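Okay, here's the prediction I keep looking at, along with the sequence it came from:
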Amino acid sequence: MTDTVIKVENLSKKYTIRHQQRESYTALRDVLTNKARMVGNRVRSALRPLRSAPCDQPSALSPSPSREDFWALKDVSFEVKQGDVVGIIGRNGAGKSTLLKILSRITEPTTGSVKIKGRVASLLEVGTGFHPELTGRENIYLNGAILGMTRAEIKKKFEEIVAFAEIEKFLDTPVKRYSSGMYVRLAFAVAAHLEPEILLVDEVLAVGDAEFQKKCLGKMGDVAKEGRTVLFVSHNMAAVNRLCHRGICLDEGRLQMAGTAESVVAFYLSTGSESEGERRWEKLEAAPGNEKIRLRAVAVINSEKEVTSIVDVRFPFYVEIEYEVLQPLLGVQVGFWLLTSDGIVVFVAGDNEDRKWLGRLRDPGHYKSICKVPGLLLNSGVYALTVASDMRNVELLFAEENTLRFHVEQTQVPAHSYAKPAGVICPFLEWRVSKLE
């Protein structure tokens, strides 16, 4: 088709991971003894008559690393038409960023082919394509030249780029002195305003503040209305639904589904999470988190104190989160995002709302945080939990997307006598009616 601008066929990308074999602790005296023994063996070998020379044995002090093949992408095929706005979604490690790097010609595929028609601008990481020693002004012209634009074309867009990025005061400052927010504002402004036929955007908008993110989403919408093509990687399902016409879902490097944005988001939220009402990680090292904190279990508990994946809309339910604190943590909180099946965030909750733990040091140990969600609040439907932990305004410790999902249902109301009301929530509100005459 003449309107196809990106055609990906059987695309695969393999990386080789090297694992260094760890050896047990060796004391200094053992090292010295081994070295002396090796020297003695060499001397004795030199004094012996020449016979068949023994092969050198690998040293126990420098074990050889093992190798493992990792397929970041495997047999991915799809097409993108001119003017399409495509959301690429999937869990962390699904291959989304690898796909954009191949489309941007940053890395080569192992097998398969990619055909692209048109000029491509990409925003994959903060500062991609910027030279740290050059000023903001010089980097705008440098990026424009890389895109194949003339100086006159860049000059025409220059003032608009600077105004969007809000860096007028620092335009002649080397970008190595920019904050991460300034960096990403300028990078996005350059990528979006220099009129590429195809714009590739990875999840870098999280660096900016809420107002800047809104600005960026609005600009991407304007780019799409101009008939240009946008590929947008994001974990914000609501933004994908609002901005994108089509969607692609990746999992472990494979294409799981391609279709309308709404159908792909619903598929991702319904199949990418556990539906039994509980999820556990038996091995601590495999659990979400890092050396500071690890997630151990998440469960939905009904009003009868039972683990469930179906909640009665009339009654309260509980979200229980178990986690292991591995280092003393001050100001940490554990909580969750509650999302609808189409990715809209209903609310965000954190256990710092328990005032006796607000700002308190959490010593190493096993913890359980329980959040009560009142009845007669949520509308019937499918919901997903994304569980996360952070040091407020300092560091995100983990975010386990779509940890599990559950259903909220009208369990004792006949279907023929009840029509589901509009809206995400369906609260039972107190009314008083009085006749004034």
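That came in fine, so what should we check first? Numbering: from 1, shown residues only.

in a strand, that's where Leu11 is, yeah?
Yes: residue state for Leu11 (DSSP: H, G, I helix; E, B strand; the rest coil) corresponds to a strand.

Next one, pLDDT for the residue nearest the centre of the chain please.
By Cα atoms, centre = their mean, the chain has its centre lying nearest to Asn92, at 5.0 Å. Asn92 is assigned 76 on the pLDDT scale.

Point me to the helix or strand that includes the nearest residue to Trp337 once chain neighbours are set aside.
Leaving aside its chain neighbours, Trp337 sits nearest to Thr386 (4.4 Å; criterion: Cβ to Cβ, 6 or more residues apart in numbering). For every residue, glycine as well, the C-beta is placed using N, CA and C. For Thr386, the host element (DSSP states H and E) is strand 381-391.

what does that strand contact?
Applying Cβ atoms under 8 Å, 6 or more residues apart in numbering, the external contacts of strand 381-391 come out as 269-270, 273, 288-289, 293, 295, 298, 300, 319, 321, 323, 329-341, 346, 396-408.

Enumerate the positions of stretch 224-241 that are buried.
For stretch 224-241, the neighbour count (16 or more other Cβ atoms under 10 Å) marks 224, 228-237, 239-241 as buried.

Tabulate these (TSV), appending secondary structure.
Shown next, in TSV, are the buried residues of stretch 224-241 (three-state DSSP):
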residue	secondary structure
Ala224	helix
Arg228	coil
Thr229	strand
Val230	strand
Leu231	strand
Phe232	strand
Val233	strand
Ser234	coil
His235	coil
Asn236	coil
Met237	helix
Ala239	helix
Val240	helix
Asn241	helix
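
Looking at those residues, spot the one nearest Phe78.
Nearest to Phe78 among the buried residues of stretch 224-241, counting by Cβ to Cβ, is Leu231 at 10.5 Å.

If you average pLDDT per helix and strand, which one of the chain comes out bottom?
Of all helical and strand segments in the chain, the minimum by mean pLDDT, DSSP states H and E falls on helix 28-47, at a mean of 68.

Just give me how far the helix or strand that comes right after that helix sits from the chain centre.
Following helix 28-47 in sequence order, the next helix or strand is strand 66-81 (DSSP H and E). Here the centre of strand 66-81 is set off from its chain's centre by 18 Å, with Cα atoms, centre = their mean, to the nearest Å.

Sheet partners, orientation included, of the next helix or strand after strand 66-81?
The element immediately downstream of strand 66-81 (helix or strand, assigned by DSSP H and E) is strand 85-89. The pairing partners recorded for strand 85-89 under DSSP bridges are strand 229-233 (parallel), strand 246-251 (parallel).

Val184 is nearest to which of those strands?
Among these, strand 229-233 comes nearest to Val184, with 14.5 Å by Cβ to Cβ.

what about that closest one, average pLDDT?
For strand 229-233, mean pLDDT rounds to 89.

any residues touching that strand, and which ones?
Applying Cβ under 8 Å, 6+ apart, the contact partners of strand 229-233 are 5-6, 80-89, 96-97, 100, 103, 118, 197-203, 220, 223-224, 239-240, 243-244.

Excluding covalently adjacent residues, which one is nearest to Asp75?
Distances taken as Cβ to Cβ, 6+ apart put Asn10 closest to Asp75, at 5.3 Å, once the chain neighbours are dropped.

Help me confirm that the one you found comes into contact with Thr111.
Yes: counting by Cβ atoms under 8 Å, Asn10 touches Thr111, with 6.6 Å between them.

Just checking the distance from the strand holding Thr386 to the centre of its chain.
The chain centre lies 14 Å from the centre of strand 381-391; the measure is Cα atoms, centre = their mean.

please begin residue numbering at 807 from this point
Renumbered: residue one is now 807, and that last one reads strand 1187-1197.

Look at Tyr1124 and give its secondary structure.
Taken by three-state DSSP, the conformation at Tyr1124 corresponds to strand.

got a list of what the residue nearest to Asp881 touches?
Asn816 sits next to 881-883, 917-919 when contact means Cβ under 8 Å, 6+ apart.

try Lys813
885-886, 920-921.

What residues sit buried inside whatever helix or strand it lives in?
Per DSSP H and E: Lys813 is located in strand 810-825. Buried residues in strand 810-825, defined by neighbour count with 16+ other Cβ under 10 Å: 811-812, 814, 817-819.

Next one: the residue nearest to Trp1143 from Arg1168, what distance?
21 Å (Cβ to Cβ, to the nearest Å).

Those two: which is more packed in?
Shown here are Thr1192 and Arg1168; by other Cβ atoms under 10 Å, Thr1192 has more neighbours (21 against 18).

what's the domain layout of this protein?
By the assignment in automatic domain parsing, the chain contains the domains 876-1077, 1084-1223.

chain center to the longest one, what's the gap?
Here the centre of domain 876-1077 is set off from its chain's centre by 14 Å, with Cα atoms, centre = their mean.
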